[in-house]
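Enquirer: I need the structure of the sequence given here:
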Amino acid sequence: MIQLTRLFILAIALVATVNQQGMAENKADVIVYGSTPGGFCAAIAAAREGASVILLEPTDHVGAMNTGGLSHCDSNQMVRSTVMGLFDELHTRVVKDYTDRGLKAPYNPANKDQSRWTFEPSAANFNPLARERGD
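Expert: Residues are numbered from 1 along each chain as shown. Take a look at the predicted model:
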């Protein structure tokens, strides 16, 4: 606990130093660090609820492993009836990417069976959803 307190104090000191150096200050209702599917969906959900959001990603790649090369989805290890909300919306967009290109979709997110949900990382493009700013 003491180490956590020291880390917090160090972070506050760093922020104070940065602000004293005249750097721009950004404010938001919600700040999310990391654009993994979970972080990305948290940011979009907050924006859809009317919050101002900053999504911080240390790389220039949004979507983590789902958009960067992983062809299996986390939903392959879960009870499909629990897949809903933004996660379901992302899968619906993946399927739409395939059908818009005239290709057979690799799976149907409306079918909550135990079939494998695999896709090309290029089809899991999170950027259009981010550009919609949560609308």
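
Enquirer: mind listing the helices for the chain?
Expert: Listed in chain order, the helices found in the chain under DSSP state H are 2-20, 37-48, 64-68, 85-100, 127-131.

Enquirer: Could you tell me the least trusted of those?
Expert: Note on the helices of the chain: lowest mean pLDDT is at helix 2-20, with a mean of 58.

Enquirer: Now do Leu55: how many residues are near it, please.
Expert: Leu55: 20 surrounding residues under other C-beta atoms under 10 Å. Every residue, glycine included, has its C-beta placed from N, CA and C.

Enquirer: ugh, typo on my part, it should be Val95
Expert: With other C-beta under 10 Å as criterion, Val95 counts 19.

Enquirer: swap in Arg93?
Expert: 17.

Enquirer: again, but for Ala45
Expert: Neighbour tally, Ala45, other C-beta under 10 Å: 16.

Enquirer: Who does Val32 form a beta bridge with?
Expert: Beta-bridge partners recorded for Val32 (DSSP bridges): Leu55.

Enquirer: Pull the contacting residues for it.
Expert: Applying C-beta atoms under 8 Å, 6 or more residues apart in numbering, we find Val32 in contact with Gly39, Phe40, Ala42, Ala43, Ala46, Val53, Ile54, Leu55, Leu56.

Enquirer: Filter these down to the buried ones and express that as a ChimeraX selection.
Expert: Applying 16 or more other C-beta atoms under 10 Å to those leaves a buried subset, and the ChimeraX line that selects it is:
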select :39,40,42,43,46,53,55
